[in-house]
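>>> This is a predicted model, with the sequence first.
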Amino acid sequence: ELKVEQNPLFLSMQEGKNYTIYCNYSTTSDRLYWYRQDPGKSLESLFVLLSNGAVKQEGRLMASLDTKARLSTLHITAAVHDLSATYFCAFCMNRDDKIIFGKGTRLHILP
Amino acid sequence: DGGITQSPKYLFRKEGQNVTLSCEQNLNHDAMYWYRQDPGQGLRLIYYSQIVNDFQKGDIAEGYSVSREKKESFPLTVTSAQKNPTAFYLCASSIGVKRETQYFGPGTRLLVL
């Protein structure tokens, strides 16, 4: 079965803390996406990871990809309230270019 | 400004009625997509199109129809055959083949009266 599992699905954390969101996917892929969605809003592209070992950083967010483990992580450093949102990972299937989305991790950062 | 627009923002459907959601992009992207998002869930692909006058079914195409007569437009019709249409509908586009990053419109929330 084709699936993407995000862990945790809900996360409440204090400002200033670090945390990691995990994204496991079920089949071969060399392209992994991270998106952010604010409540009632659309999705905003954060990162595209294209190869094994890829790491990208933007501000307090850092994403990485391990294609052998079929795992991507989104690390939050010194969280601030503005990062509160739902974060989705999605992977692109190599065999037919189909993109599969996870259920999202709802992140709530307490001031 | 380049981007993707969707209209309306909110849409109400009566039982047995077909309704059409609009999606327009001025990014000169070849590929366009329609997704459905239910509360607390990820996105599920309804239809996608890689070129004008061609489109393919996604995972949940039943009860929906699309057309792609112009490169910049990809309207979605929710037919009366879709028995549970209440959801948030998102349109997206990408430069070319599906492996490219997708850019999303603001969404249409469909509610059933």
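Here it is on my side, so go on.
>>> CA only for contacts and neighbour counts going forward, please
Noted.
>>> Would you mind listing the residues in contact with the residue in chain B that chain A sits nearest to?
Closest residue of chain B to chain A, C-alpha to the nearest C-alpha: B:Gly42 (3.9 Å). Applying C-alpha atoms under 8 Å, 6 or more residues apart in numbering or on different chains, we find B:Gly42 in contact with A:Phe88, A:Phe101, A:Gly102, A:Lys103, A:Gly104.
>>> do that again at 10 Å, thanks
A:Val4, A:Phe88, A:Cys89, A:Ala90, A:Ile100, A:Phe101, A:Gly102, A:Lys103, A:Gly104, A:Thr105, B:Tyr35, B:Arg36 (C-alpha atoms under 10 Å, 6 or more residues apart in numbering or on different chains).
>>> of all those residues, which comes closest to A:Leu32?
Distance to A:Leu32, by C-alpha to C-alpha, is smallest for A:Ala90 among the contacts of B:Gly42, at 5.8 Å.
>>> Mind checking what secondary structure the closest one has?
Classification of A:Ala90 by DSSP: H, G, I helix; E, B strand; the rest coil places it in strand.
>>> Identify the residues contacting it.
Taking C-alpha under 10 Å, 6+ apart, we find A:Ala90 in contact with A:3-6, A:23-25, A:31-35, A:48, A:72, A:99-104, B:42-43.
>>> From A:Ser72, how far off is the residue positioned nearest the centre of chain B?
A centroid search over chain B (C-alpha atoms, centre = their mean) returns B:Trp34, at 3.0 Å, as the residue closest to the centre. In this view, B:Trp34 and A:Ser72 are 25 Å apart by C-alpha to C-alpha, to the nearest Å.
>>> got it, and A:Met13?
21 Å.
>>> again with A:Leu49
9 Å.
>>> re earlier: between A:Met13 and A:Ser72, point out the one with more neighbours.
In this view A:Met13 and A:Ser72 are compared by other C-alpha atoms under 10 Å in any protein chain shown, and A:Ser72 has more residues nearby, 28 against 17.
>>> Tell me the spatial nearest neighbour of the more buried one, not counting adjacent residues.
Closest residue to A:Ser72 apart from its sequence neighbours, by C-alpha to C-alpha, 6 or more residues apart in numbering or on different chains: A:Leu65 at 4.4 Å.
>>> what's the neighbour count on that neighbour?
A count of neighbours around A:Leu65, defined by other C-alpha under 10 Å, yields 25.
>>> Of the contacts of A:Ala90, keep whichever come out buried.
When the contacts of A:Ala90 are checked for burial by 16 or more other C-alpha atoms under 10 Å in any protein chain shown, the buried set is A:4-6, A:23-25, A:31-35, A:48, A:72, A:99-104, B:42-43.
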